[in-house]
Each structure stands twice: as structure tokens, then as C-alpha cells.
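Asker: Mind looking at a prediction? Sequence and model below.
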Amino acid sequence: MSGILTVSALNRYMSFKIKEDEKLRGVLVRGEISGFVHHRASGHFYFALKDRESAVKCVMFSSFASRLKFMPQNGMSVIIMGSVQVFERDGVYQLYATDIQPEGLGALYLAAEQLKEKLLQEGLFDEIYKKPLPAFPKKIGIVTAKGGAALQDILNILGRRYPVCEAVVFPCLVQGEYAPGSICEALETADNSGVDLIICGRGGGSAEDLAAFNSERVARTVFSLNTPVISAVGHETDTTVIDLVADLRAPTPSAAAELSVPDMSALQGALEQRERELKKSLEKLLGEKEILITAREGRLRENYPTARIAAFSEKITAVEARLGEALKLYFGGLQNALESREKRLEDLSPMTIMSRGYGLIYKGDKLATSAKELKTGDRITLVLGDGEVSAVVE
């Protein structure tokens, strides 16, 4: 290389030389992110990677950035895979990142933790949004992989504990790139089918296997449902985002089935126990009432009004007798007075007087009470005690 070079030529030469160096392709560099910028329009990431002594500029284009499971942040210790190239315009070399992995933490774990923090701040985990589970569900929707062990465990337990409940399976993918969309579609279908409760989950697995249940789309779908949801993802030690959004988190699919329905045998035992208690209480109550009735019967016998009625009856009889005597005397007096008055009337009767020789003189229909009323030749009628006589006045 000789002669005078332009700046552009120099930078182009350095870029070519660096590209030729195979050691600078697919290089892994450890450092701390600084000055991170997410360019919203293009989707590119711009930042610096530094350690205690130096720093290097980095860029990650959107085609690679969109594949990350988490969002890089300032101060985060990471390992970057990429290639070293020269940015010819400024004459500086940069690390063009193709992948970023958080140091000490898996990318999936970090992405899940970031999503949990985001949804927590939005209130999606708040208890006020938790819907109560039905005590006796008639129809349960199961959102999981068809034919999986988790589904069989759930169906077996539901059939054993509460066979009167109908179980409806809404099959979906539970891992892989298309799993979040498949889970959301199955959840929404179950929510619109009229089930009383939804169990959503799968068996255990690696962080990659459970990644769909750490999806923001799945979490928001669960939060939006009208039907209560029990999450049943993995083993007891696995905690996914859906566990925090669901109305109840079960440690395993089997536990979800047990939590979703009552135990028929236990209900039968409780019912029989309650029946025995009720019978015992009823017998006790009847015994107490019988004692009370016996006591009151005794008091009634003591205060029974038979003697009083007999006394009143005797009084009534005596009063009736006195009343009869009084009425007899009263009517006897009336009878005597009547007879006396009849005697007086009879004594004063004109017929009685006439029977003693007296008579009545009628001139026509008129009683003559004075001789002056009569004239010679008047025809008169003499009424005597025992009959009438016609005569002529002379």
C-alpha cells in the first residue's frame, strides 16, 4: 500500500481488512450495556458495550432485535455474539450484534421477569380482578394439548372426584412458535362456549417448553376472559406469567383438577354426617318439646276449670230454682190480682146488676137514662137479666 490515500480509501481498506479476519466473525464479547437506544421507527438497537477500562459501539438491526425474548437495559451484563466491522463514514469500528444473552440469566427467564414487572405495574395481578370459582361447576373447559399426559390426569381426577361434571377439551399447541396464538384461540373459544370454569396448562418442561405460558399475548387473553381460569403449568416449582394473571394458580394439572371440583365421596360423607347431626338435633328438640308439653299438661290439669264449672253449674241451678219460685210467686200474684179484678168487673157488670131485678130501657138504638126522654106511645125495649121485652109507654 503506497501513495497518498483519501480518508474514504483508508476507511474502506480498514473495513476490508477487518472483514477478512475470521477471528472477528461470530465473536463473543462480554460487557455491560450503556447508552441503550431503541429506535422505534426502524426497530434497531444502538448502545455501547463497556467494561472497567474501555467501550465499543454496538448496533443490532431490527431483523435480529425482533427475535430477542427480552428487552436490553442499561447496566445489564450480557454476552453478545456478532461481527466486528468498520463504519466507514465515521472511521470507527463497531460490533454488529446478532444475538444478546443476559449473563447469569437465561433470555427466556429475563423476558418473563420483565413481562411480570410490566404487567404488575399495569395491575393485571391485582386481587380485585380475581374472579371467584364456582363451588359446583356443571361444565369445565380444558385448554391443553390433545392426548397429553396432563389432559389424561385432569380427566381422570375429574371423573373420579366429580363425575356429574361435564369436561370439554379445547385442544391447542402448548410449545413452539405458534403456541401462544393457539392457546389464545382455544381460551377465547372456551370462554364463549358457556363453560363455568377453564383449566389452562400443560405438563412440566424446560424454560423453552413453558415459554408460551410466559407470553404477553396469552397473559392478556386470560385477563380479558369472563370465565374464571385456573392455571396449571408445569411442576410446583414452575411459575409462569399466566399463573399470576389467572384467577387461581394450581401447582400441577392434577392439582388444578382437584381444586376445580368438590369430592363427591367427601360430599356424600359430609351429607350423611349432616343428616346424622340433623336427626340428633331433631330428636333432642322433640324430647325437649315432649318434656315441656308434659309439664304444661300437668299445669293444665292443676288449673282445669271442671270444679269451677261444677260450682258455677250449682249456682246456676240454684238461681234457676229461685228464679222459678220468684216467677211462680210473681205470676201467682198476677193471677190473684186478675181474678180479683175479674170479680170486681163481674160485680160491676150491668148483666150482674140486671140479674138482681134491674133492666135497661132502649128507645130504638138509644139507651134511655131519664123518664123525660120517653113519651106516651113510644115503643121501647126492656133489656133484663135473662132477655128482652118490647113495650109501649102509656
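Answerer: Structure received. Bear in mind the structure is a predicted one, so any value in this text is a computation, not a measurement.
Asker: how far is the top helix by length along the chain from where the chain is centred?
Answerer: Longest helix of the chain, by residue count under DSSP state H: helix 306-348. Relative to its parent chain, helix 306-348 has a centroid offset of 82 Å by C-alpha atoms, centre = their mean, to the nearest Å.
Asker: Equivalent analysis for stretch 226-235, please.
Answerer: Taking C-alpha atoms, centre = their mean, one finds stretch 226-235 lying 22 Å from the centre of the chain it belongs to.
Asker: What segments of this protein are strands?
Answerer: Secondary structure of the chain (DSSP state E): strands located at 27-38, 45-50, 55-60, 77-87, 92-102, 139-144, 166-171, 197-202, 229-233, 248-249, 360-363, 366-368, 379-384, 387-392.
Asker: With respect to residue 4, which of the ones you listed lies nearest?
Answerer: Residue 4 sits nearest to strand 77-87 of all the strands of the chain, at 20.1 Å, using C-beta to C-beta. For glycine as for every other residue, the C-beta is placed from the backbone atoms N, C-alpha and C.
Asker: List the buried residues for the closest one?
Answerer: For strand 77-87, the neighbour count (16 or more other C-beta atoms under 10 Å) marks 78, 80, 82, 83, 84, 85, 86 as buried.
Asker: Pull the residues that contact that strand.
Answerer: 11, 14-15, 18-19, 21, 24-33, 49, 57-58, 60, 72, 92-104 (C-beta atoms under 8 Å, 6 or more residues apart in numbering).
Asker: looking at it, residue 129 is touching residue 123, isn't it?
Answerer: Yes - Residue 129 lies in contact with residue 123 (C-beta atoms under 8 Å); the separation is 7.4 Å.
Asker: Wait, residue 262 touches residue 133, no?
Answerer: No - assessed by C-beta under 8 Å, residue 262 is found out of contact with residue 133, at 10.9 Å.
Asker: can you list the weak-confidence ranges in the stretch 151-300 of the chain?
Answerer: Applying pLDDT under 70 to the stretch 151-300 of the chain flags the ranges 238.
Asker: what about the helices in it?
Answerer: 179-191, 216-224, 241-245, 253-260, 264-302 (DSSP state H, counting those that start in this stretch).
Asker: mind putting those in TSV, mean neighbour count and distance to residue 205 included?
Answerer: Converted to TSV, the helices of the stretch 151-300 of the chain look like this (neighbours: other C-beta atoms under 10 Å; distance: least, C-beta to C-beta, whole Å):
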stretch	mean neighbour count	distance to residue 205
helix 179-191	20	12
helix 216-224	19	16
helix 241-245	24	14
helix 253-260	23	12
helix 264-302	10	32
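Asker: Let me know which of these is the nearest to residue 314.
Answerer: Once these are compared by C-beta to C-beta, helix 264-302 is nearest, at 21.7 Å.
Asker: Does anything pack onto that closest one? Which helices or strands?
Answerer: Here helix 264-302 touches no other helix or strand, going by 3 or more C-beta pairs under 8 Å, 6 or more residues apart in numbering; DSSP states H and E.
Asker: Distance to residue 292 for the strands of the chain - can I get that in a markdown table?
Answerer: Formatted as a markdown table, these follow (distance: least, C-beta to C-beta, whole Å):
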| stretch | distance to residue 292 |
| --- | --- |
| strand 27-38 | 84 |
| strand 45-50 | 88 |
| strand 55-60 | 90 |
| strand 77-87 | 84 |
| strand 92-102 | 80 |
| strand 139-144 | 50 |
| strand 166-171 | 51 |
| strand 197-202 | 50 |
| strand 229-233 | 52 |
| strand 248-249 | 50 |
| strand 360-363 | 93 |
| strand 366-368 | 93 |
| strand 379-384 | 93 |
| strand 387-392 | 94 |
